[in-house]
Every structure is written in C-alpha cells, then in structure tokens.
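Undergrad: model this:
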Amino acid sequence: MTALDDAEDYYRQVFAGTRPPFAFVDLDAFTANAHDLLRRAHGKPVRIASKSLRARTIIDHALGLDPGFQGIMAFTLDEALWLHGLRARDVLVAYPTTDTELLGTLAERTVEDPEGAPVVMIDSPDHVELIERAARRHDVRVKTCLDFDASFWLAGGRIRIGAKRTPIHTPEQAAAAARRVERSAYARLVGVMSYEAQIAGTGDAVPKRPVANRAIRLMQDRSHRELRHRRALAVEAVSRVTPLDFVNAGGTGDLELVASEPAVTEVTAGSGLFAPALFDRYSRFTPRAAAFFALPVVRRPGPKTVTVLGGGYVASGVPRWDRAPVPTFPPGLRYDGNEGAGEVQTPLTGAPAAHLAVGSPVFFRHAKAGELCERFNELHLVRDGKIVDVVPTYRGEGRCFL
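TA: As a prediction, this is how the structure comes out:
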C-alpha cells in the first residue's frame, strides 16, 4: 500500500477474519518509514526510542532492518535493565531516576558487563550523589549521560519555548556538571544528550492555521540556529573535561536538522516508524501511517450514529482534540461533541455510520506513538496483504514501566 486513501479495502480484507478490538502494524509502511528516517539522518546512526514502540519484537525488527539503526533509548531505568537482561546492549536511559534499588542493580550489571550495561541520564549533582550511594558498595563507576537543555530562550530567559527538562542550559553549566562527574569515583560521563521539543515535537503544517504555521516555522528556524551554536560550544566545553563516546540529539520531527550538526554524533527516532496522527502536521517529511487499532461497533443509537467499544485512548500532553485517536476507516466519521473518546464507549457520527453494522470494525490511528501499546496485549503484523505474526507488547509481557 502506498496511500492512506486507498488503504481501507486493503485492511478490511486483511482482517476479515479477525475479531476486534485489535491493534496492528503494517510492516511495509514501517519499513518505508525506517528508510526515510535513515535518509534524513544523513549517515549518522539512529538510536531507536523504545517509548514510541513498546514492543520488543518491533524494536528488534527496527534494529535489524539496517546497520544505520544502532542502540536503544529507553524511557526508564527499570525498562533498560529488563532489556539488558534480555541481551540488549547500547541502551541509553532518557530520563533520570531516583530509585536507589534500581541504581544498585545497574551497578551490579556494570560490574558484570562494564561496556554493555545501560547508561543513565543525569542533570544534577543530586543524581550523581544517588549513583554514588548505590555504586559505592560495588566499587564501580556507572556510565552516565548529561542532559543538556535545548529549549529556546527569549528576553534573557524570561520566555522559554520547549520542554522543561534539564536546568543545564549554558556551556559553562555543562562543563561544571561534567567536572562534578569527573571528580566522582563511582560515575563517569560518556555522553551528552538533548531534545528540542519545540522543533521535533511541534508540527508546522496544521490544517487551517497558515499564520500560526508560519510563526512556528520562524521560531523553529531561529531556535535551531541558536541551539546549533550553543550545543557545539557545550560539547566542546564538556570534551575538555572528559572524552565523550557520543552526542545524542533530535527526534522524528527534526532528524535532518540535528543530523547536520558536526557536534552531534547520533540521532534518536521512534515515533516516525509508526507515524501516528500528529505527524501528519509536519512540512519537512511525509511518513506512511503504519500503526492502527480497530474497535467493534456495539450499538446504533441513531441512523447516522454508531457506538464503538472503548476508545478513550487519549494521548498525553495538553488536553486538546488533537490528542484524541483519529477515526480513519471508514473516512468521514467524527466524535460526538458531548462525549468524545470514552472510557468504555465512543459514539461516532457522520454519513458512513449509516452503513456500519453492529460488529463492524472501525479503524483508528493513535495521536501519538508510544501509548498505543499500553492499550493492547499484542500487535498483529501485516506484510504484503497478510497477517504474518502476532507479537506481544510490553503490556502483553506483563511489563508496565511508566
């Protein structure tokens, strides 16, 4: 399949004998998206963001598609240790942890596997002290990565555009943090990471918003020019303190921009493999929708209204309509303004509802990538018009990390 507009009959034939609810990944679209990510990365390694996939088979499939995919960015230390225990190597934990028990386990793993043990994120002396407390009894230096702030500051920092992550914004602060780690007998700094949410996570082609889209593009251009310079200075300052194994940056939304920076050695992507609905709103690339879920019609409360089972799979972020799943097949269905996407039922209205029988599946796309697999125990994998496998999600393996 090449176009979403032509896909409804295709997927209805594929799943003619499958009882909803179910979720699936189109491996043909997934592979096309993977190759496009590699193209946009301009030869730099792409680290897979596990939070966007949350299914081990899918993560392994991505890593096996091309040597350009290298390593995993996990979202919690618990997840990283689980993956490491299942022989995953080169795992970077994207967010700091305060769990001293897990840090103790990380120290044990570092003794057993000095190079392959996960790398944990830091951005504060408090994080280093927690690592020291956990690693001291194992007499080992745990590998760490410094989270460098990529947000865009205006008016001397009084206006800050971007995610509120790390307090380390200047090259001087980055160097000071590196010196703190360098003084430690139980931590060592091996990388620098930053994520530009105001660029990678903000669409600039939202329908019917031309003025806002132009303003977003202007902000993103200015933000990247400022960050490119500041990040290079920060990496240089940290490298004078300690040699670095990697400098990680980016996300699906700005892969080609950060890959063009000489200071960046690798980029991260995950959502672009599934291409959820929010990624329809970017001007720089056009991915293929690769992940869907289907819910059954269980009621017909009116001639142009059907009700499906469940459906309240609203994505994280500021609550807005763009965080709701998108009814995709049949096209033309829309939410009831008084109910929206519900916990146990979701009414849908529109002309196509007149032709849907009780038991018929309605196909949706999730707004974001990662939370889809928190709703389903398994994923059906589709290739060349056939279901080729059914694999467990993290949830299906009994794992809930966040």
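Undergrad: pLDDT at the closest residue to residue 71 other than its chain neighbours, what is it?
TA: Nearest residue to residue 71 in three dimensions, chain neighbours excluded: residue 90, at 3.7 Å (C-beta to C-beta, 6 or more residues apart in numbering). All C-beta spots, glycine's among them, are computed from the backbone N, C-alpha and C. We have a pLDDT of 97 for residue 90.
Undergrad: how many neighbours does residue 90 have?
TA: 18 (other C-beta atoms under 10 Å).
Undergrad: go on, residue 283?
TA: The burial count for residue 283: 11, using other C-beta under 10 Å.
Undergrad: please, which helix or strand holds it?
TA: Secondary structure assignment for residue 283, by DSSP states H and E: no helix or strand.
Undergrad: roughly how far apart are the closest residue to it other than its chain neighbours and residue 286?
TA: Take residue 283 and drop its neighbours on the chain: the residue closest to it by C-beta to C-beta, 6+ apart is residue 205, 4.3 Å away. Distance check for residue 205 against residue 286: by C-beta to C-beta, to the nearest Å, it reads 10 Å.
Undergrad: ok, the two, which is more surrounded?
TA: Higher neighbour count among residue 205 and residue 286: residue 205, with 15 against 11, using other C-beta under 10 Å.
Undergrad: so residue 263 sits against residue 229, correct?
TA: No - between residue 263 and residue 229 there is no contact under C-beta atoms under 8 Å: 9.7 Å.
Undergrad: those two: who's more crowded?
TA: A count of neighbours by other C-beta under 10 Å puts residue 263 above the other of residue 263 and residue 229, at 18 against 13.
Undergrad: quick one: contacts for the more buried one?
TA: 231, 232, 235, 236, 247 (C-beta atoms under 8 Å, 6 or more residues apart in numbering).
Undergrad: apply 7 Å and report the result again.
TA: 231, 232, 235, 247 (C-beta atoms under 7 Å, 6 or more residues apart in numbering).
Undergrad: need the per-residue pLDDT for it.
TA: 98.
Undergrad: determine the longest strand present in this protein.
TA: The residue-count maximum for a strand in the chain (DSSP state E) belongs to strand 291-302.
Undergrad: counting neighbours, what do you get for the spatially closest residue to residue 309 that is not a sequence neighbour?
TA: Spatially, and ignoring its direct neighbours in sequence, residue 309 is nearest to residue 298 (4.9 Å; C-beta to C-beta, 6+ apart). For residue 298, the count of nearby residues is 15 (other C-beta under 10 Å).
Undergrad: let me see the ranges of the strands in the stretch 51-200 of the chain.
TA: For the stretch 51-200 of the chain, applying DSSP state E, counting those that start in this stretch gives strands covering 69-74, 91-93, 120-122, 142-147, 152-154, 159-161, 187-194.
Undergrad: tell me the angle of the fourth one relative to strand 187-194?
TA: It refers to strand 142-147. For strand 142-147 against strand 187-194, the angle by axes from the mean of the first three to the mean of the last three C-alpha atoms, to 10 degrees is 30 degrees.
Undergrad: tell me where the model's unsure across the stretch 151-300 of the chain.
TA: The stretch 151-300 of the chain contains no residues with pLDDT under 70.
Undergrad: at 90 what do you get?
TA: 156, 208 (pLDDT under 90).
Undergrad: ditto for the stretch 301-402 of the chain
TA: 317-322, 370, 402.
Undergrad: quick one: the strands in it?
TA: Counting by DSSP E, counting those that start in this stretch, one finds strands in the stretch 301-402 of the chain at the ranges 305-309, 326-329, 334-335, 345-349, 361-365, 378-383, 386-392.
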